[in-house]
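> give me coordinates for this.
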Amino acid sequence: MRDYGDRDHDGFVEYARATDHGLVNQGWKDSWNGINFADGRLAEPPIALCEVQGYVYAAYLARAMLALDAGDRAGFESWSSAAAELKERFNESFWLPDRGYYAIALDRDKNPVDACASNMGHCLWSGIVDDRHAGQVARRLMSEEMFSGWGVRTLGSDMALYNPVSYHNGSVWPHDNALIAAGLMRYGFVEEAQRIVAALLDAATRFEGRLPELFCGFSRDEYATPVPYPTSCSPQAWAAATPVHLVRTLLRFDPWISQGSVWLAPTLPSGFGRLHIDNILLAGSRISIDVNATGAKVSGLPAGLRLVREPRMPLADALAQLLG
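Purely as a prediction, here's the structure:
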């Protein structure tokens, strides 16, 4: 990322294809028109995607954690500082104060690409979003233009290229929503996260228990069932992993083995009933989790691990405490 991903040394990782062949867009939204302005113009590469900067931020924090575990104080401080600097620059360059959301990308001229897209939900997940902006991001993601009732659309219905039957410009992707739900939960937007989880699990029942790669972005008010996307893959790996991630998000289950702690603070929506999960591999052992109306129980927790019955603070804050 540092030596090859930042092509022009502006501090952000960007992409551009080396020849006239291959994919124009090289993020997860890799369709030819997937990165666009609010007025429908297409962004020209090199393109720095907002969620990619979040992934870089998370990688820096993870690297700092590895340095901490290895007793490398200098490395710990260096990678923590790199994460903090990136977060500050990201919020300066990508935030659109007049729109109340983050640009999906910066284009080749460093102009913010101002379409309202689901990508900024990944930024919540990684933690690169400034706390002062998180509320506006959450409200926009859950707005009528973005949330279809079955999930968050890839592109807002008030954008020029919106099409509920497009691949990346108005459809609903389960894996995308799983990360958005986790991001909302991370910043304390519990009810909003629960709404996305419930919508996706409800959608799964309309697909015979199997979430597809994507489905159309029509409003739930228009159609009583999610409209299938004609060429959606099913099964598909991202979609298959989605329910597992959704359950983890509801459980707020977060082990940090090297620090000797496992965080668990379930927040199941009303009506979900009892949840039992067996055979979770943790620190060389297998644990079980039971959740009901009266609380949560963990069986088989390895010796030396402490169960913390509250949400874990963001990794950046935890590392800052350890640094201090």
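> confirm that V298 sits in a strand.
Yes - assignment of V298 by DSSP: H, G, I helix; E, B strand; the rest coil places it within a strand.
> neighbours around it, how many?
By the criterion of other CB atoms under 10 Å, V298 has 18 neighbours. Where you see a C-beta, it was placed from the backbone N, CA and C, and this is true even at glycine.
> which residue ranges of the stretch 1-150 of the chain form helices?
Taking DSSP state H, counting those that start in this stretch as the test, the helices found in the stretch 1-150 of the chain are 50-69, 73-94, 119-126, 131-141.
> deepest of these, which one?
Stretch with highest mean neighbour count among the helices of the stretch 1-150 of the chain: helix 119-126 (a mean of 26; mean count of other CB atoms under 10 Å).
> contacts only, for the closest residue in space to G54 that isn't next to it in sequence.
Nearest residue to G54 in three dimensions, chain neighbours excluded: S126, at 3.3 Å (CB to CB, 6 or more residues apart in numbering). By CB atoms under 8 Å, 6 or more residues apart in numbering, S126 lies in contact with E51, G54, Y55, Y57, A58, G183.
> in this structure, which spans are strands?
Along the chain, the stretches classed as strands by DSSP state E are 48-49, 95-96, 101-102, 105-106, 112-113, 254-256, 261-263, 275-282, 285-292, 295-299, 306-308.
> of these, which is nearest E144?
Checking the strands of the chain against E144 by CB to CB gives strand 101-102 as the closest, at 14.6 Å.
> related to what we said a few turns ago, in JSON lines, list the strands of the chain along with distance to M142 and mean pLDDT.
Shown next, in JSON lines, are those (distance: least, CB to CB, whole Å; pLDDT from 0 to 100):
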{"stretch": "strand 48-49", "distance to M142": "22", "mean pLDDT": "98"}
{"stretch": "strand 95-96", "distance to M142": "18", "mean pLDDT": "98"}
{"stretch": "strand 101-102", "distance to M142": "12", "mean pLDDT": "98"}
{"stretch": "strand 105-106", "distance to M142": "22", "mean pLDDT": "98"}
{"stretch": "strand 112-113", "distance to M142": "22", "mean pLDDT": "98"}
{"stretch": "strand 254-256", "distance to M142": "24", "mean pLDDT": "94"}
{"stretch": "strand 261-263", "distance to M142": "25", "mean pLDDT": "96"}
{"stretch": "strand 275-282", "distance to M142": "24", "mean pLDDT": "96"}
{"stretch": "strand 285-292", "distance to M142": "25", "mean pLDDT": "96"}
{"stretch": "strand 295-299", "distance to M142": "27", "mean pLDDT": "94"}
{"stretch": "strand 306-308", "distance to M142": "29", "mean pLDDT": "96"}
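> do you know which of those strands lies nearest D176?
strand 48-49 (13.3 Å).
> which strands and helices sit next to that closest one?
Judged by 3 or more CB pairs under 8 Å, 6 or more residues apart in numbering; DSSP states H and E, strand 48-49 is in contact with strand 105-106.
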